[in-house]
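Chemist: Have a look; sequence and predicted model below, questions after that.
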Amino acid sequence: MIDFVTIRFFFSLNVRKVTMSKQIVTLLADAGRVITIATLSAFSIINIAIIIERVIFFRRNSAEDRGLILETVRDKVLAGKVQDAIALCEHSTVSLTKIILKALRVFAGREGKKIETVPLEMTLDNALAVEKIRIDRFSWLLGTIGAIGPLVGLFGTVLGIMRSFAAIAMRGNSGQGVVDVAAAGIWESLYTTAFGILVAVPALVAYNYFVRRSRSQFELLENAANDMISIAMEKNDSAEHSK
């Protein structure tokens, strides 16, 4: 027959296990909260850095007068001054001049000969693909932060609520003391969700804005590539008429 001492021993052992598990939950929740805040802080810094970099990039890309550049290049190419047109575009880093420069190098390689449109189109397609990567750079990261930011904040909130209930269980009492502990713990944990939303909203707004700017800029580059093909055909026609 099990005596009272044995029952008391097993009861105390179970109490220690439960207390230890509650302490582990508290420690994990505290660590998770720190990790959550650190992650969201890193996300906010990344947001600011990407937004600044993209704004500068698109402003520089839009600074050049597209019509003026194409008209100047057309006049120089038709006048047989392809090298002058290349020199005009070589020192620019914007996407438009990079596309034009690729076409001009094809023109220079066919000096005095007919410009084949198929190789020119392939060259321009490759150049457009490279510029599309530059234009779309970092957009996916903004979209990812905007999507997972609230989830990371919610994760911190769940850990905080777990910590609150563990603290309530360890107190072992009831009444106003338990209500105070629960309210304080839940209030502290909810700010991680608010922080996650605060990080996600600017990221999503910036993502949608930059995606729209990327599409419009890429369409302008495609138009510029088509203009260079037209210039090549015009140059071929003028060369045939001069013979």
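Modeler: Nice, thanks for sending it over. Numbers count the residues shown, from 1 in each chain.
Chemist: This protein: strands as residue ranges?
Modeler: For the chain, strands defined by DSSP state E do not occur.
Chemist: can you tell me which residue is nearest the centre of it?
Modeler: residue 141 (2.6 Å; Cα atoms, centre = their mean).
Chemist: Now do the nearest residue to that residue once chain neighbours are set aside against residue 218, distance only.
Modeler: Excluding the flanking residues, the one nearest residue 141 by Cβ to Cβ, 6 or more residues apart in numbering is residue 50, at 6.3 Å. Backbone N, C-alpha and C define where each C-beta goes, glycine included. Separation of residue 50 from residue 218 (Cβ to Cβ, to the nearest Å): 19 Å.
Chemist: The two - which one has more neighbours?
Modeler: residue 50 (20 against 16; other Cβ atoms under 10 Å).
Chemist: That one contacts residue 143, correct?
Modeler: No. Applying Cβ atoms under 8 Å as the test, residue 50 and residue 143 come out as separate, 10.8 Å apart.
Chemist: Name the spans of the protein whose pLDDT lies under the cut-off.
Modeler: Applying pLDDT under 70 to the chain picks out residues 1-26, 29, 63, 166-185, 188, 239-243.
Chemist: In the protein, what residue spans correspond to helices?
Modeler: Taking DSSP state H, the helices of the chain run over residues 4-63, 66-78, 82-90, 95-109, 117-136, 139-171, 176-242.
Chemist: which one of those is the most hemmed in?
Modeler: Neighbour counts (mean count of other Cβ atoms under 10 Å) averaged over each of the helices of the chain peak at helix 95-109, with a mean of 21.
Chemist: May I have that one exported as CSV, CA atoms only?
Modeler: Only the C-alpha atoms of helix 95-109 are listed here, as CSV (Å, rounded to 0.1, in the frame of the first residue of the first chain):
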residue,chain,number,x,y,z
SER,A,95,19.0,52.6,-68.7
LEU,A,96,17.9,54.5,-71.9
THR,A,97,21.5,55.3,-73.0
LYS,A,98,22.6,51.7,-72.2
ILE,A,99,20.0,50.4,-74.6
ILE,A,100,20.9,53.0,-77.3
LEU,A,101,24.6,52.3,-76.8
LYS,A,102,24.1,48.6,-77.5
ALA,A,103,22.4,49.4,-80.8
LEU,A,104,25.1,51.9,-81.7
ARG,A,105,27.9,49.3,-81.2
VAL,A,106,26.1,47.1,-83.7
PHE,A,107,25.9,50.1,-86.1
ALA,A,108,29.6,50.7,-85.6
GLY,A,109,30.4,47.0,-86.4
